[in-house]
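**Q** This is the structure alone, sequence omitted:
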């Protein structure tokens, strides 16, 4: 099953731990929650948590379709920005920076639209601004990471 984890040691004797499971798994009995519990009891991980207490927790679904899944980004009266558009760098499991930049580019496009003498109904400059930015080149560079794992671990790693 496609996925991964992180374990970050932080200041103040704190730890951030996370677990990712691709939701396209084939085993109908797989429980991402149970897999995370199993991960935390692994002999290499368990000592990190012994004697500690949980101070916060959360869960999130990641839109990790990647570059090939980016939808049409504009429509009359609106834009699709950030995570809603799937601007996640899949191998890094990071998307805050791309979401913020896409929001900034969207704001620029909307400002230009509203500043025009005869404003249109659709901010068509937004996708063009996005394609000219580092967001597009970053996502394009890693576009085949996730699809590569459809053929298994070794194909994905290659």
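**A** Thanks, I have the structure now. Source: prediction; values computed, not measured. Numbers count the residues shown, from 1 in each chain.
**Q** quick one, strands of the protein?
**A** All strands of the chain, identified by DSSP state E, fall at 3-10, 14-21, 74-75, 78-79.
**Q** Break the protein down into its domains, please.
**A** Per automatic domain parsing, the structural domains of the chain span 3-49, 67-149.
**Q** okay, those domains, which one's buried deepest?
**A** Of all those, domain 67-149 has the most neighbours on average by mean count of other CB atoms under 10 Å, namely a mean of 16. Bear in mind the C-beta positions are built from the backbone N, C-alpha and C, glycine included.
**Q** and it, average pLDDT?
**A** Regarding domain 67-149, the rounded mean pLDDT is 91.
**Q** Would you mind listing the residues in contact with residue 64?
**A** Residue 64 makes contacts with 22, 86, 88, 90, 146, as judged by CB atoms under 8 Å, 6 or more residues apart in numbering.
**Q** Could you identify the most distant pair in the residues you listed?
**A** 22 and 86 (14.2 Å; CB to CB).
**Q** Which stretch among the strands of the chain approaches residue 57 most closely?
**A** It is, among the strands of the chain and with distance given as CB to CB, strand 14-21, at 9.6 Å.
**Q** packing partners for that closest one?
**A** When contacts are defined as 3 or more CB pairs under 8 Å, 6 or more residues apart in numbering; DSSP states H and E, strand 14-21 packs onto strand 3-10, helix 32-40, helix 46-49.
**Q** which stretch among those comes nearest residue 97?
**A** Nearest of the helices and strands packed on strand 14-21 (CB to CB): strand 3-10, 16.6 Å.
**Q** strands paired with the closest one, and their directions?
**A** Sheet pairing of strand 3-10 (DSSP bridges) gives strand 14-21 (antiparallel).
**Q** Which residues does the strand it pairs with contact?
**A** So strand 14-21 is contacted by 1-10, 30, 32, 35-36, 39-40, 48-49, 52, 55, 62, 93 (CB under 8 Å, 6+ apart).
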